[in-house]
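Visitor: Just to be clear, the model below is a prediction. Sequence and coordinates:
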Amino acid sequence: MDFIITTQKANCRNCYKCIRACPLKAIAFGDDQARVVAEDCILCGRCVQECPQGAQQAASDLPAVRRMVAAGLKVYASVAPSYQAAFPGVSFAQLSAGLKRLGFTAAEETAIGATQVSREYARLLAEGKMENIITTCCPALVLLVEKYYPALVPQLAPVVSPAAAHCRMMKNMFGNRIKTVFIGPCIAKQQEAREGTAINAVLLYGELRDWLAREGVAVVVLSSEAQEIIRVCDRALVLYHGALQGEVSGADMNEQTIMHLATGGAAPSAQAIHTEE
Ligand code: SF4
Ligand code: SF4
């Protein structure tokens, strides 16, 4: 199976941004191409975010999840608590309704698994057998310890993450044949899914947002990224100093118009914005 991050060679422009961004020097350069060294990488995702060409790409489970749904399988979502930051103002009930529109059987919050994990941590503490206990639900941190501080591995709590615990709980509850999809912010979760059997697939918030938008499910997005707004929104309300500066949609949904309003430009008619340059 391919490593989770791959470099699209045709897109790489040798700018070294990913190399500078990597905190662990896990990107090699050769033949005018940057390449992630799988053995050294902890999947923190910074190079994917930093590459201006989109050349560093994370694997996507989206096609696999869509196939599961299209095949009529029972697909359950485990949604990370950070959905509140990714979908500001959207309640879990609303997000759950959107997921059902996409074909998910049901959605639950990963926090359900966190309660079980917390009990395990408490049990380890009470047991008192481990001198130090490193607790984390972050697979990138686990990889950091395993690859760079192997002496600390015995101090990692032998407890699965809330995501894995929750997906296992759902399989116990609804049957082992269901498919579980963890939805969260982090590409490292894909590694965790590959290593175990509890999580069948991982969706990132951006992938979910794009999928919802393509299916015409209404989602309110708060973003300062013009390109993201253009990609996923039908209509944008642009604020300047907290006040509504203007509204764009349709053919006017372009970076020039959005930036004009976002930097305090007067809110002329969309036509005027187009013709002033
Ligand atoms: S940031 Fe992107 S374009 Fe620049 S060197 Fe890395 S992969 Fe190539
Ligand atoms: S994911 Fe993080 S650790 Fe891995 S190569 Fe990219 S920046 Fe470095």
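Guide: Received, thanks. Ligands and ions are numbered 1, 2, ... in the order given.
Visitor: show me what contacts the residue of the stretch 151-277 of the chain found nearest ligand 2?
Guide: The nearest approach of the stretch 151-277 of the chain to ligand 2 comes at Ile187, 7.5 Å away (C-beta to the nearest ligand atom). In this view, the C-beta of every residue, glycine as well, is placed from N, C-alpha and C. Ile187 makes contact with Ile4, Ile5, Leu43, Gly45, Val48, Ala58, Ala59, Leu204 under the criterion C-beta atoms under 8 Å, 6 or more residues apart in numbering.
Visitor: same deal with Ala21?
Guide: So Ala21 contacts Arg46, Cys47, Gln49, Glu50 (C-beta under 8 Å, 6+ apart).
Visitor: filter those to the buried ones?
Guide: Arg46, Cys47 (16 or more other C-beta atoms under 10 Å).
Visitor: Mind listing what's buried along stretch 165-172?
Guide: So, applying 16+ other C-beta under 10 Å, buried residues of stretch 165-172: Ala165, His166, Cys167, Arg168, Met169, Met170, Lys171.
Visitor: Distance of the last one relative to Leu102?
Guide: Between Lys171 and Leu102 the distance, using C-beta to C-beta, to the nearest Å, works out to 21 Å.
Visitor: Same question for the first one.
Guide: With distances defined as C-beta to C-beta, the gap from Ala165 to Leu102 amounts to 24 Å.
Visitor: Repeat that for the fourth one.
Guide: Spatial separation of Arg168 from Leu102 under the definition C-beta to C-beta is 23 Å.
Visitor: same deal with the third one?
Guide: Applying C-beta to C-beta, one obtains 18 Å for the distance of Cys167 from Leu102.
Visitor: Also Ala85?
Guide: Taking C-beta to C-beta, one finds Ala85 at 21 Å from Leu102.
Visitor: still on that earlier bit, out of the buried residues of stretch 165-172, which sit inside helices?
Guide: Using DSSP state H, the members of the buried residues of stretch 165-172 that fall in helices are Ala165, His166, Cys167, Arg168, Met169, Met170, Lys171.
Visitor: which pair in these spans the largest distance?
Guide: Ala165 and Lys171 (11.0 Å; C-beta to C-beta).
Visitor: List the residues that are in contact with both of these two.
Guide: Shared contacts of Ala165 and Lys171, counting by C-beta under 8 Å, 6+ apart, come down to Ala198.
Visitor: List the buried residues in stretch 54-71.
Guide: Ala55, Gln56, Gln57, Ala58, Ala59, Ser60, Asp61, Leu62, Val65, Met68, Val69.
Visitor: can you list the residues you listed in TSV and add distance to ligand 2?
Guide: Listed next are the buried residues of stretch 54-71 as TSV, based on distance: C-beta to the nearest ligand atom, whole Å:
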residue	distance to ligand 2
Ala55	12
Gln56	7
Gln57	11
Ala58	8
Ala59	12
Ser60	15
Asp61	17
Leu62	19
Val65	22
Met68	27
Val69	29
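Visitor: Just the ones of those residues in helices?
Guide: Taking DSSP H as the definition of helices, these contribute Leu62, Val65, Met68, Val69.
Visitor: closest to ligand 1 among those residues?
Guide: Taking C-beta to the nearest ligand atom as the measure, ligand 1 lies nearest Leu62 of these, at 21.7 Å.
Visitor: Next, the residue lying closest to the closest one once chain neighbours are set aside: phi, psi?
Guide: Leaving aside its chain neighbours, Leu62 sits nearest to Glu207 (4.7 Å; criterion: C-beta to C-beta, 6 or more residues apart in numbering). Phi and psi for Glu207, reported as degrees, to the nearest 10, are phi -60, psi -40.
Visitor: now swap in Glu108 and tell me
Guide: Backbone dihedrals for Glu108, given as degrees, to the nearest 10, come out at phi -130, psi 160.
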